[in-house]
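Student: Pasting the sequence and the predicted model now:
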Amino acid sequence: MLIWKAEVFGVDVKSITFDGVNSWDDLQLLLSNAEIGYPKKNKSRIQIPNSNIYYDYADLFGDFYEERTLEFEFIIAEPNAMAIEDLEYKKGQIANWLEPGTKHKLSYSEIPFYYFLAEAQGDYDYTDENGYALLKVKFVCYPYKVHEVDESEDAWDAFEFENDVAQDLKFSVGGSHKCKVYNAGTAKVVPKLIVTGNVKVELNGLSETLSVGIHEQTKIILSRGWNEVALSGSGTIRFSFSKEVL
């Protein structure tokens, strides 16, 4: 069978990793088909009463998207035909792996350096054949793909020369000055701010005064592209975030 020839001849086998478990390495599931859906954009325009004017909330909050759907089909098999008991045991392993109810990281071997935040849907579609089975699994995901590498790290293997910008995201602060931070993603992101000393951060009319520590929930939001940030105080600050794309 093709599934075993792929392993013998050293061909890379397509796979997904969900909640830290790899479909091929850990469960020997051969990924035979993948459908990576794109999220549908929600309309965010409203008409101002008694006028022909429309207001687009995307201007303020950014675009809104519905969750996206990923579908994968696997072959469950062994070099020789599986006994019914072995097949049922494997199905139990898969059910425990894909237990619905919580979103986990899902990465797909054909989309390197990105992951989805995904939840498996519980209605798995099994088709039993003679000695093997086909499994179809659907995941519902956060609309954006998230880059594996923090934008503040120098990781040239994951650098996308057409879109990324090499930048130093750690800034020394003494007095008041401005800096620029580039968000190469398509979604607005809230950066993690790592501070020594005491630093005030201002962006788009919002400000945060931060002391020593790691601050993950702030009012500082990075828009797509260049962001001009005003810094004041004394110490250092590092902007830590991952870009998100469709």
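Tutor: It's in. All figures in this text were calculated on a predicted structure; none of them were measured in a lab.

Student: hang on, G37 packs against T69?
Tutor: Yes. Using Cβ atoms under 8 Å, G37 is in contact with T69, at 4.3 Å. Using the backbone N, CA and C atoms, a C-beta is placed for each residue, glycine as well.

Student: List the buried residues in stretch 107-117.
Tutor: Judged by neighbour count using 16 or more other Cβ atoms under 10 Å, the buried positions of stretch 107-117 are S107, Y108, S109, Y114, Y115, F116, L117.

Student: Inside strands: which ones of the residues you listed?
Tutor: S107, Y108, Y114, Y115, F116, L117 (DSSP state E).

Student: Output the residues you listed as TSV; include the columns distance to E153 and pLDDT.
Tutor: Listed next are those as TSV, based on distance: Cβ to Cβ, whole Å; pLDDT from 0 to 100:
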residue	distance to E153	pLDDT
S107	18	96
Y108	22	97
Y114	15	95
Y115	16	96
F116	21	97
L117	20	96
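
Student: Could I get those residues in a markdown table, plus columns for distance to S211?
Tutor: As requested, these are exported to a markdown table (distance: Cβ to Cβ, whole Å):
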| residue | distance to S211 |
| --- | --- |
| S107 | 36 |
| Y108 | 41 |
| Y114 | 34 |
| Y115 | 32 |
| F116 | 35 |
| L117 | 31 |
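
Student: tell me which of those residues is nearest to S15?
Tutor: Closest approach between those and S15, by Cβ to Cβ: Y108, at 8.0 Å.

Student: Could I get the contacting residues of the residue nearest to V21 when sequence neighbours are not counted?
Tutor: What sits nearest to V21 in space, not counting adjacent residues and going by Cβ to Cβ, 6 or more residues apart in numbering, is W97, at 5.4 Å. Taking Cβ atoms under 8 Å, 6 or more residues apart in numbering as the contact definition, W97 lies against F18, D19, V21, L27.
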